[in-house]
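In: Pasting the sequence and the predicted model now:
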Amino acid sequence: MDNLNDLKAIWLTAKTDSLPASGEMLRMAKKFRNEKIRKKLMMIFIALLLAAIMVFGEIYNGSTMLSTHMGGACLIITCMILAFTNIRSLKRFIDFKDFNNKEFIEFMEQTKRNQLYYYQKTQVAGMAISSIGLLLYFYELVYRDTVLFIVTYSAAIIYLAVMWFVIRPRNFRKQNLKMDETLRNLHNIANQII
């Protein structure tokens, strides 16, 4: 019987202050899911709205150069890529309603893998098409005035460079750190329950 008392004493003195409460798992799962669904819906709406504005602009623009139409088409394609990837991701979040701890951790790990794939492949393709489209779209507006051409393209190239080399990596690091922290908390909770 002495061993049982020793075990009970050890059990009661274990430090669990750093571990979240076990009910925290369900709250984290619902919060994460609802936040992602809201953001995905907003991105889909914005992408479709921008695509509609670009289509309207292409129809009523009155531009005569092929470069402008090609640029507009590239920007519309970029909006469609953005909408499609978010619709696919939204479906994944909507379908995942009932989950246990292990399934939710697996879901989050798959979300992290999807996030990495998006950053390395899909976002690069979308931004490349968008960059080309933006540069082509401006050409008809500025090709006759050398100073305006230089100023416009310099500003566009600086903007694109900042987006590619500063904003994009910073956002990915921020999202990756947040995802790592969430996964670490989920693993702590799951280990606490086991």
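Out: Everything's here; your move.
In: From here on, just use CA atoms for contacts and neighbour counts.
Out: Fine.
In: State the number of residues packed around residue 62.
Out: Using other CA atoms under 10 Å as the criterion, residue 62 is surrounded by 8 other residues.
In: Name the helix or strand for it, please.
Out: Here residue 62, judged by DSSP states H and E, is contained in no helix and no strand.
In: Could you check how far residue 186 is from residue 101?
Out: Distance, residue 186 to residue 101, using CA to CA, to the nearest Å: 8 Å.
In: the more surrounded of the two?
Out: residue 186 (24 against 16).
In: what comes up buried for the helix or strand containing that one?
Out: Secondary-structure assignment from DSSP H and E places residue 186 in helix 168-193. For helix 168-193, the neighbour count (16 or more other CA atoms under 10 Å) marks 168, 179, 182-183, 185-189 as buried.
In: which residues touch residue 36?
Out: 90, 93 (CA atoms under 8 Å, 6 or more residues apart in numbering).
In: any idea of the mean pLDDT for the helix or strand harbouring it?
Out: In the assignment (DSSP H and E), residue 36 maps to helix 24-60. With pLDDT averaged residue by residue, helix 24-60 scores 88.
In: Buried by neighbour count: which residues of it qualify?
Out: 25, 29, 33, 36-37, 40, 43-44, 47-48, 50-51, 54-55, 58.
In: what packs against the strand or helix carrying residue 90?
Out: If you go by DSSP H and E, residue 90 is part of helix 66-95. Contacts defined by 3 or more CA pairs under 8 Å, 6 or more residues apart in numbering; DSSP states H and E place helix 66-95 against helix 24-60, helix 123-142.
In: by how many degrees do the helix or strand following it and helix 168-193 diverge?
Out: Of the helices and strands lying after helix 66-95 in sequence (DSSP H and E), the nearest is helix 101-117. Compare the direction of helix 101-117 with that of helix 168-193 by axes from the mean of the first three to the mean of the last three CA atoms, to 10 degrees and you get 170 degrees.
In: Restrict helix 101-117 to CA atoms and write it as CSV.
Out: In CSV, the C-alpha atoms belonging to helix 101-117 read as follows (Å, rounded to 0.1, in the frame of the first residue of the first chain):
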residue,chain,number,x,y,z
ASN,A,101,-8.0,15.1,-30.5
LYS,A,102,-5.9,12.8,-32.7
GLU,A,103,-7.9,13.7,-35.9
PHE,A,104,-7.6,17.4,-35.1
ILE,A,105,-3.9,17.2,-34.7
GLU,A,106,-3.6,15.3,-38.0
PHE,A,107,-5.8,17.9,-39.6
MET,A,108,-3.6,20.7,-38.3
GLU,A,109,-0.4,19.0,-39.5
GLN,A,110,-2.0,18.6,-43.0
THR,A,111,-2.9,22.2,-42.8
LYS,A,112,0.7,23.1,-42.1
ARG,A,113,1.8,21.0,-45.1
ASN,A,114,-0.8,22.6,-47.3
GLN,A,115,0.4,26.0,-46.1
LEU,A,116,4.0,25.2,-47.1
TYR,A,117,2.9,23.9,-50.5
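In: now for that helix, which elements pack on it?
Out: Using 3+ CA pairs under 8 Å, 6+ apart: helix 101-117 touches helix 168-193.
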